[in-house]
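**Student:** okay, here's the prediction I keep looking at, along with the sequence it came from:
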Protein chains: 4
Amino acid sequence: MTTLLARVEQGLFGRLRRDAAADWAAYTQHEFVRALARGTLPKEDFRAFLTQDYLYLIHFARAYALAVFKSDTLDDMRAMAATMGNVLDEMPLHVSFCAEWGLTEADMQREPESLELLAYSRFLIDRGAAGDILELLVALSACIVGYGEVGAMLLHDPETVRQGNPYFRWIETYAGEEYAASAIAAMDRLDRVWSARGSENRYPSLLRDFRTAARLESAFWRAGQRRNFT
Amino acid sequence: MTTLLARVEQGLFGRLRRDAAADWAAYTQHEFVRALARGTLPKEDFRAFLTQDYLYLIHFARAYALAVFKSDTLDDMRAMAATMGNVLDEMPLHVSFCAEWGLTEADMQREPESLELLAYSRFLIDRGAAGDILELLVALSACIVGYGEVGAMLLHDPETVRQGNPYFRWIETYAGEEYAASAIAAMDRLDRVWSARGSENRYPSLLRDFRTAARLESAFWRAGQRRNFT
Amino acid sequence: MTTLLARVEQGLFGRLRRDAAADWAAYTQHEFVRALARGTLPKEDFRAFLTQDYLYLIHFARAYALAVFKSDTLDDMRAMAATMGNVLDEMPLHVSFCAEWGLTEADMQREPESLELLAYSRFLIDRGAAGDILELLVALSACIVGYGEVGAMLLHDPETVRQGNPYFRWIETYAGEEYAASAIAAMDRLDRVWSARGSENRYPSLLRDFRTAARLESAFWRAGQRRNFT
Amino acid sequence: MTTLLARVEQGLFGRLRRDAAADWAAYTQHEFVRALARGTLPKEDFRAFLTQDYLYLIHFARAYALAVFKSDTLDDMRAMAATMGNVLDEMPLHVSFCAEWGLTEADMQREPESLELLAYSRFLIDRGAAGDILELLVALSACIVGYGEVGAMLLHDPETVRQGNPYFRWIETYAGEEYAASAIAAMDRLDRVWSARGSENRYPSLLRDFRTAARLESAFWRAGQRRNFT
């Protein structure tokens, strides 16, 4: 069985990840991530992140709706619809997890969207509106695969604190087999769409989008920490 | 319990249906529909219709994907996603029904899109791309509700032949409780979106779209019968 | 100087045109076109066509608006904006031409959109909404280049009647240098976008769209002749 | 003649501006703006702003392209096309202005998009993709009108330094009659579209979008000052 950490080095995703190595490392090895692993992240920072992450999921589902619309085959449509459905269905899980941190769904919906959230989510929507399914899937891959990579890395990292770490459950979610399977499926799908629609001439612009997505992910760890924009 | 045939006279849908009465009657009481009920429709005509209807469902699902993207609330997103999922999930049922008529999925996918299919399905996509969720749901309602109304009317029509009518199963599908429930839910949703986004000033343009959809439904009964466009 | 009739055989457009030869011939050598050239087309048929063509231009401009939105470079944006501007600016010319045929702009705006118009214009909108700029430009090329080719062919056709042919001015418009230059520019642009975004794997689907556009053009000559859809 | 500063208090725009008073003041009376007026803004900050503003204009034109696509009338289409054309045509002016500050167009195009730019421009694109023309015009109005209001206020502000202020030409541009006329035309258009598509039930969501746009404008004054996202 291919593990996620082996798969991220292969195919179109592997190529993008290598060519965006600095941005990718800044995102997946962010200070926020390390503080999660050590259990030293201020709880207020985590609550701000969870709230923005909840708001983000709404737009993530909208972007996958565009992916259904833009798919070339019924098989792709169904795969995109399944991912979109998972996002919408798992929001209650996310909500119940947040509840343990004292955040109700109504609270989170009232919270203003942060600059980081607006930038990242609307960048995805733009790729979904203006480009074809390939451009959209490249942009979406940074999120889907990145969280799985973070989860898998932290699970195996000797510096990760398991006992008494309030963030360990979050790590386990993204390090789980189910999540890894969906990330691998997304990379497989990306390879198929790249075969159908890709070309060397398109690669530089796809890489630019991928790097932008990775940089926006880095910024997103701190989403909601600045109380206003300016 | 509200029956479908009572519900179609109420709310925004009822108003549109009354104001488009001639177009609506031309669609729901089309000669094709009567021939279905009497069992006199040439089988070749039905096969042409089934094939184009299969191809139509793909675009119908795409239009609902746009409805997910355009929804204002999580509740609307989930409702649109559920309808979209039903369309995609029920295509195998449609395919197995078509198989009894000697049509394989591969055959149907190879068939060119008819003028009627292109006109209707892309009109829906345009409403989904250019307008807001209200305009899209008005355009989509002619299909969802109309087939339920046709089914319910034919089931109760004394002229409908049940024994030995090869089309009776088709009638039963759209006359069923499950289908009626989904059509009623679509009308309820439409009323809510109209409350949130409607106004008297918008009504004339919504009616124009609804009438266009009804006229395109009329044309669609004969979709695929002309072998080429000209 | 490359003439239009030489240019249509080159580049991506030339390849699409060859591979869609039967559909292309059916469109550009349509009976309607020949009747225009001989001056034998019933005036009522021409009026129906002019009216639908006027309504079509609105959607043609909308499709070019999507092309501006989807362009990858400022240069492409400006080229698409210029074409869109030409369409909007030349509508008064079209309107004054129609006035000579007894059609006012208000009359034409009141006329219902024909099945042929709905099918063709919304197919273009769909390509603009769902695909990337390459898919959109391929779909749009059938119209832009085809009318120029029809004009140029008819101008040189010995069977074309010049004296007393009420349609000769229409032929002259599309046979003019200005129109030819814009059609050639569109083919040049298409070649550049194909270089940037194309690949052999994308070609079959682009050809399918091109053939659909050519078939829809064939149907469009008769647009508005059937007074209703069914 | 209505002056811009009187007009901004009237119509739908006036209502939105009043109801978003705190966000509007934070944007139009931003410290950046005051430093421009006094001539005390660090030149490096201005260069960062000019560069991001150049990159912003590309997306601003794209958003107006969506407005053409979404317009309900030919008159609206032409107005939106004219604004889009102005943006594209005036970019060379912007570029020559930037050249005086030592910025070439090639330099600016190489500069990465800032978080503020991504957030604001893609928020506009989303409103253009997901909503109707009313939602898009509300979102766009904060930029068009706000810069005119800033220009007009600074021109009349006794604290504004005219002699030797390197930013005074920038102020004059947005305080000019031509710019004011375009801002007034945008507010007039907005009132017409509100009449056609608005309703009290839609107002809260339009206000929310307007406030988000105003807050994103506030953030944008500092766009490009942080060299990276995190």
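**Tutor:** That came through fine.
**Student:** whichever residue of chain A sits closest to chain D: neighbour count?
**Tutor:** Going by C-beta to the nearest C-beta, chain D is nearest to A:Arg122 of chain A, at 3.3 Å. To be clear about C-beta, it is placed using only N, CA and C from the backbone, and glycine gets the same treatment. Residues near A:Arg122, counting by other C-beta atoms under 10 Å in any protein chain shown, number 25.
**Student:** same question for the one 5 residues further on.
**Tutor:** The criterion is other C-beta under 10 Å. On that basis, A:Arg127 has 24 neighbouring residues.
**Student:** skipping adjacent residues, who's closest to it in space?
**Tutor:** A:Ala139 (4.2 Å; C-beta to C-beta, 6 or more residues apart in numbering or on different chains).
**Student:** what do you get for A:Gly176?
**Tutor:** A:Gly151 (7.3 Å).
**Student:** what do you get for A:Tyr174?
**Tutor:** A:Gly151 (2.8 Å).
**Student:** look up how far A:Ala175 lies from that neighbour.
**Tutor:** 4 Å (C-beta to C-beta, to the nearest Å).
**Student:** and for stretch A:209-226, what are the contacting residues?
**Tutor:** A:16, A:20, A:23-24, A:26-27, A:30, A:32-33, A:45, A:48-49, A:51-53, A:56, A:111, A:114-117, A:119-120, A:123-124, A:127, A:135, A:138-143, A:146, D:113, D:115, D:118, D:228-230 (C-beta atoms under 8 Å, 6 or more residues apart in numbering or on different chains).
**Student:** ditto for stretch A:62-82
**Tutor:** Stretch A:62-82 is contacted from outside by A:83-84, A:87, A:121, A:124-125, A:127-129, A:132-133, A:136-137, A:139-140, A:185, A:189, A:193, A:196-197, B:58, B:61-62, B:65-66, B:68-69, B:77, B:81, B:84-85, B:88, B:91, C:129-131, C:205, D:130, using C-beta under 8 Å, 6+ apart.
**Student:** span of that stretch from start to end?
**Tutor:** One end of stretch A:62-82 to the other measures 13 Å (C-alpha to C-alpha, to the nearest Å).
**Student:** would you mark the buried spots in it?
**Tutor:** Of all the residues in stretch A:62-82, those buried under the rule 16 or more other C-beta atoms under 10 Å in any protein chain shown are A:62-72, A:76-82.
**Student:** tell me the mean pLDDT over it?
**Tutor:** For stretch A:62-82, mean pLDDT is 97.
**Student:** quick one: name the residues of chain A near chain C.
**Tutor:** Residues of chain A lying close to chain C by C-beta under 8 Å from any C-beta of the partner chain are A:69-70, A:72, A:129-132, A:135, A:195-199, A:201-202, A:205.
**Student:** run through chain A and note the low-pLDDT ranges.
**Tutor:** Scanning chain A with the threshold set as pLDDT under 70 gives A:1, A:227-230.
**Student:** all helices of it, in order?
**Tutor:** A:4-7, A:11-19, A:21-28, A:31-38, A:43-70, A:74-100, A:105-110, A:115-130, A:133-156, A:168-175, A:177-197, A:203-220 (DSSP state H).
**Student:** relative to helix A:177-197, how tilted is the last one?
**Tutor:** Looking back up the chat, that one is helix A:203-220. Helix A:203-220 and helix A:177-197 are oriented at 150 degrees to each other (axes from the mean of the first three to the mean of the last three C-alpha atoms, to 10 degrees).
**Student:** grab the most central residue of chain A for me.
**Tutor:** The centroid of chain A falls nearest to A:Cys143 when counting by C-alpha atoms, centre = their mean (2.0 Å).
**Student:** residue contacts, that one?
**Tutor:** Contacts of A:Cys143 were listed using C-beta under 8 Å, 6+ apart, and they are A:Phe60, A:Ala213, A:Glu217.
**Student:** and which of those is nearest chain C?
**Tutor:** For the contacts of A:Cys143, the nearest to chain C is A:Ala213 (17.7 Å; C-beta to the nearest C-beta).
**Student:** show me which residues of chain A are close to chain B?
**Tutor:** So chain A meets chain B at A:58, A:61-62, A:65-66, A:68-69, A:74, A:77-78, A:81, A:84-85, A:88, A:91 (C-beta under 8 Å from any C-beta).
**Student:** please list the residues of chain A that sit near chain D.
**Tutor:** A:26, A:30, A:62, A:113, A:115-116, A:118-120, A:122-123, A:125-126, A:129-130, A:212, A:215-216, A:218-219, A:221-222, A:228-230.
**Student:** repeat that for 6 Å
**Tutor:** Within chain A, the positions near chain D by C-beta under 6 Å from any C-beta of the partner chain are A:115, A:118-119, A:122-123, A:125-126, A:129, A:215, A:218-219, A:229-230.
**Student:** most neighbours of all those, which one?
**Tutor:** Using other C-beta under 10 Å as the neighbour test, those are led by A:Ala119, with 30 neighbours.
**Student:** list the residues that contact it.
**Tutor:** A:Leu216, D:Leu115, D:Leu118, D:Ala119 (C-beta atoms under 6 Å, 6 or more residues apart in numbering or on different chains).
**Student:** try 8 Å
**Tutor:** Going by C-beta under 8 Å, 6+ apart, the list of residues near A:Ala119 reads A:Leu216, A:Ala219, D:Leu115, D:Glu116, D:Leu118, D:Ala119, D:Arg122.
**Student:** kindly report the same for A:Leu36.
**Tutor:** Going by C-beta under 8 Å, 6+ apart, the list of residues near A:Leu36 reads A:Phe46, A:Leu154, A:Tyr167, A:Trp170, A:Ile171.
**Student:** adding neighbour count, write these out as JSON lines.
**Tutor:** Below are the contacts of A:Leu36 laid out as JSON lines (neighbours: other C-beta atoms under 10 Å in any protein chain shown):
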{"residue": "A:Phe46", "neighbour count": "18"}
{"residue": "A:Leu154", "neighbour count": "23"}
{"residue": "A:Tyr167", "neighbour count": "20"}
{"residue": "A:Trp170", "neighbour count": "20"}
{"residue": "A:Ile171", "neighbour count": "23"}
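**Student:** out of the residues you listed, which two sit at the greatest distance?
**Tutor:** Greatest spatial distance among these (C-beta to C-beta): A:Phe46 and A:Leu154, at 14.4 Å.
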